[in-house]
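>>> Just need the structure, nothing else, for what follows:
(2 chains, ligands or ions: 1)
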Amino acid sequence: MSEIKLLTGNEAVVHGALAAGCRCYFGYPITPQNAIPELMSQLLPAAGGQFVQAESEVASANMLLGAAATGTRAMTSSSSPGISLKQEAISYMAASHLPGVIVNMNRGGPGLGDIGSSQGDYFQSTRGGGHGDYRTLVLAPASCQEAYDMMIQAFDLAFKYRNPVLVLGDAIVAQMKEPVKMWKPEPVSSDEAAEWRLEGAAGRESRVIMSLYLAEGALAQQNRNLVAKYEAMRAEVGAETYETADADLIVVAYGSIGRIAKSSVRRLREQGHKVGLVRPLTLYPYPDKMLENLAAQGKKFITIEHNTGQMVEDVRLAVRRYTDSSFFGYMPGNMPASEDFMEPILKALE
Amino acid sequence: MSVHQNEELVFSAPKLMADKPTHYCPGCHHGTAHRLVAEVLEEMNLPEETICIGSIGCSVFIYNYMGLDAVEAPHGRAPAVATGVKRSRPDRIVFTYQGDGDLASIGLAEIMHAANRGERITIIFVNNTVYGMTGGQMAPTTLIGQKTTTTPGGRTLESEGAPMKMAEIIATLGGCAYSTRVALDTVPNIRKAKKAIRHAFEVQRKELGLSFVEILATCPTNWRMDAVTANKRLTEEMIPAFPLGVFVDAVAEAKEGA
Ligand SMILES: Cc1ncc(C[n+]2csc(CCOP(=O)(O)OP(=O)(O)O)c2C)c(N)n1
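Down below sits the predicted model:
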């Protein structure tokens, strides 16, 4: 039987990572995710792993790259300004086919912004984030339980596709406290990276992990290989649906905002309004086929985000053959409540 | 190379080095530095347990010349990547190979902190006083008065500051177990350089801390000189500005203390 513990989202990330077999953590302090490195510094060395407080997010992400190159389950975490600095290594990791988990507890931006919740990093998360033509898998937890579960999923996906995986929470998910079922997955096989990891070229040809492709046609081939990988990742697409079957209007929202919007939808249902919800669990790959199918049934859409309008572009792309999506953006600086979304949803229903 | 009857082979290239020409310019010392590293690793019987961290610069293709497991680090980040490699595989030998733009400019934070933490890694630092790969711009190690493509009138103390003496700087950091500066201009100096590289890997094997070998090297192309003149410049201008020597050595200190 799995233990149930009262955990913040930050703590759930740590316990989920340990359950997933994370052996190395590299971090740098930034609010609202400081509890992650702090708890890691206690638990990881005790579990025989390595904790390093790096000199910067640039360094911590490059340490992750190094640990990944040895086929080790490793992670880093930060919040928005720090994630910008990690993009260099994330791009190199994507190009070098290296697995790793990066947690972003999204705070307000641009610039130093604030330390409250925000979804301002949606574009950065789903469009690669750094330089070059690449993507990372993106998982978006809405609860402490999902933070735990998605860490396990993130490590598995990272190694399955040899690609960086981003877990995109926010200041709400990071700091709220909920009961979390601390289930344990199957132990990781020690050979999961045996075919490609660096360990010294004993009894075999030497291996090189790199991202420089200067030979004629080599980069084109590499980028085609990456695209093929991203196509394969489509199998991992996930979304929660709520009351969509007979709904006239679909609310699309992710993460903690998706959870709050679900309360709004429930309350509107109680008042007799035919509304439903789609909450993407994966932001890349995006559940566009599901949205397209709903649009084909003649439903209307509203996208609700904690920013000035980013994911709405993906919703519009998904439904474009049939309809459009309206948008409601809740500004950073405060945490929304379910009432805040009810009026915009009713307006979109008209 | 075949050995004839009655002939005794007394010297040969390290097997670790690929038997092919490098892409380096005539007179460039990168090839010599690669070979010294390869000879040392082979003599210490380490190639099969070594992971090389390449950097961004002319030596980016180091993995084409040495049959080692290798990973390419972003510009300047080799000590951070090496930290990740070594922390996840503390039983392996890990070294970075970096130029002066890479290590002393964009990667200054990473090398300083890796040294301060005393990561059990070895740094091979090739100082040729310019950014070679990008066409000869000023590096943090460019000498006062030296003309580069971005200091067309010569580097000045007033505007660009003084050349950075990395081996001395790194030696001041708590976790540095060995820091030295050597040069590749003469045969005796090349022999000393090899000894230093060997000592650096021994320090790593003893898990004493970070070991750092600064190698003064030529870049004839970007110095706009032929190979012989470049070598002469190294002897006459670089060594006086960057004194050769050992700046910290935990092994020697332990012996003195004993
Ligand atoms: C982030 C980043 N900035 C700049 C460059 C361009 N760049 C490539 S090599 C190099 C300098 C290399 O000089 P150095 O480290 O001195 O090595 P050398 O080529 O002289 O051996 C630069 C600036 C890059 N690749 N990445």
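>>> drop to CA atoms for contacts and neighbour counts, all remaining ones
OK.
>>> residues in the stretch 1-150 of chain B within reach of the ligand, list them.
B:56-59, B:75, B:99-102, B:130-134 (CA under 6 Å from any ligand atom).
>>> For ChimeraX, what selects the buried ones among these?
The buried residues among these can be selected in ChimeraX (16 or more other CA atoms under 10 Å in any protein chain shown) with this line:
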select /B:56,57,58,59,75,99,100,101,102,130,131,132
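>>> Among the residues of the stretch 1-150 of chain B next to the ligand, which one sits closest to B:V203?
B:G99 (21.7 Å; CA to CA).
>>> what's around the residue nearest to the closest one when sequence neighbours are not counted, how many residues?
Leaving aside its chain neighbours, B:G99 sits nearest to B:V126 (4.8 Å; criterion: CA to CA, 6 or more residues apart in numbering or on different chains). When neighbours are defined as other CA atoms under 10 Å in any protein chain shown, B:V126 has 26 of them.
>>> Helix, strand, or coil at B:V126?
Here B:V126 is recorded as strand under DSSP: H, G, I helix; E, B strand; the rest coil.
>>> Beta-bridge partners for it, please?
B:G99, B:I215 (DSSP bridges).
>>> pretty sure it contacts B:E214?
Yes: if you go by CA atoms under 8 Å, B:V126 and B:E214 touch, sitting 6.0 Å apart.
>>> Taking the stretch 251-350 of chain A, what residue is nearest to the ligand?
A:Y284 (26.4 Å; CA to the nearest ligand atom).
>>> Hmm, that residue is touching A:G128, no?
No: taking contacts as CA under 8 Å, A:Y284 lies outside contact range of A:G128: 9.7 Å.
>>> Compare neighbour counts for the two and give me the winner.
A:Y284 (25 against 21).
>>> show me the contacts for the residue of the stretch 251-350 of chain A closest to the ligand.
Taking CA atoms under 8 Å, 6 or more residues apart in numbering or on different chains, we find A:Y284 in contact with A:T126, A:R135, A:T136, A:L137, A:V138, A:L139, A:V237.
>>> Show the average pLDDT along the helix or strand containing the fifth one.
Using DSSP states H and E, A:V138 sits within strand A:137-139. Mean pLDDT, taken over the full extent of strand A:137-139, equals 98.
>>> Can you list the helices and strands that it packs against?
The contact analysis (3 or more CA pairs under 8 Å, 6 or more residues apart in numbering or on different chains; DSSP states H and E) places strand A:137-139 against helix A:122-126, strand A:164-170, strand A:282-284.
>>> among these, which is the most enclosed?
Of all the helices and strands packed on strand A:137-139, strand A:164-170 carries the top mean neighbour count, a mean of 30, counting by mean count of other CA atoms under 10 Å in any protein chain shown.
>>> neighbours of A:T244, just the number please.
A:T244 has 17 neighbours, counted by other CA under 10 Å.
>>> I'd guess it is in a strand, am I close?
No: read with three-state DSSP, A:T244 is coil and lies in no strand.
>>> Nearest to A:T323, out of the helices and strands packed on strand A:137-139?
The nearest among the helices and strands packed on strand A:137-139, by CA to CA, is strand A:282-284 at 20.9 Å.
>>> ok, now which ones touch the residue nearest to A:I345 when sequence neighbours are not counted?
Nearest non-adjacent residue to A:I345, counting by CA to CA, 6+ apart: A:I302, 7.0 Å away. A:I302 sits next to A:L249, A:I250, A:V251, A:V252, A:S325, A:S326, A:F327, A:F328, A:I345, A:A348 when contact means CA under 8 Å, 6+ apart.
>>> likewise B:D185?
B:A217, B:N231, B:K232, B:L234, B:T235.
>>> Tell me where the model's unsure across the stretch 1-150 of chain A.
For the stretch 1-150 of chain A, the stretches with pLDDT under 70 are A:1.
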